[in-house]
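Visitor: the following comprises the amino acid sequence and a computationally predicted model.
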Amino acid sequence: MSKEPTLRAVARPSPDFTDRAYWAGTIKMALSRFFVLQVLHDGPAHGYDIARAVERTTNGCCSPSEGALYPTLREFEQGGYLTSASEIVSGRERKVYTLTDRGRDAFKVGLEAWMDATAALTETDRAAAARDQAKGACRC
């Protein structure tokens, strides 16, 4: 009688929350999706142009790789947020992506959410600066 192997969960190391790269990666991942919608809100584009426009728009903060961009585009298309059509450019077939009305709505909702988050972050920064300044004040 053969004994079946025991499956064990492999512990993943905890992220280093003091590492700026952790936070930058988390932010970039979320923002990249939003900026894909933003680029397409400006007009139809194919994948390479979308990636370059996101990079340009964010001053290099977000640079979606092909491995991240195309699954995102497929997910948006499956959700009805964009459509794609093939066209021939310089003898090569390329998909051109266009936002649907639902995609435009998603962009607007995403923009509102990011603006709310930005306001909260700005207020948090102000409050932290005020606390730091108060701690350093002379208590003679």
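Guide: Right, received. Where do you want to start?

Visitor: return the set of buried residues in stretch 42-51.
Guide: Neighbour-count burial for stretch 42-51, counted by 16 or more other Cβ atoms under 10 Å, picks out 44-47, 50-51. Every C-beta, even on glycine, is put in place using the N, C-alpha and C of the backbone.

Visitor: just the ones of the residues you listed in helices?
Guide: Under the assignment DSSP state H, the buried residues of stretch 42-51 contribute 47, 50-51 to helices.

Visitor: name the nearest of the residues you listed relative to residue 116.
Guide: Checking these against residue 116 with Cβ to Cβ, the nearest one is residue 50 at 25.3 Å.

Visitor: look up the closest residue to that closest one, ignoring the ones flanking it.
Guide: Using Cβ to Cβ, 6 or more residues apart in numbering and skipping residues adjacent in sequence, the residue nearest residue 50 is residue 39, 5.2 Å away.

Visitor: avg pLDDT for stretch 45-53?
Guide: Stretch 45-53 carries an average pLDDT of 94.

Visitor: likewise stretch 132-139?
Guide: Here the average pLDDT along stretch 132-139 is 70.

Visitor: thinking again about what came up before, from the buried residues of stretch 42-51, which is closest to residue 25?
Guide: Among the buried residues of stretch 42-51, residue 51 lies closest to residue 25 (Cβ to Cβ), at 17.2 Å.

Visitor: returning to what we had before: can you pull the pLDDT of the residue nearest to residue 50?
Guide: Reading off the model, residue 39 has pLDDT 96.

Visitor: list the residues that contact it.
Guide: 45, 49-50, 53-54, 57 (Cβ atoms under 8 Å, 6 or more residues apart in numbering).

Visitor: ends of stretch 51-66, what's the gap?
Guide: In stretch 51-66, first residue to last residue: 8 Å (Cα to Cα, to the nearest Å).

Visitor: what's in contact with it?
Guide: Residues outside stretch 51-66 that contact it (Cβ under 8 Å, 6+ apart) are 28, 31-32, 35-36, 38-39, 42, 45, 47, 50, 69, 72.

Visitor: which parts of that stretch are buried?
Guide: Within stretch 51-66, the residues that qualify as buried are 51, 53-55, 58, 62, 64, counting by 16+ other Cβ under 10 Å.
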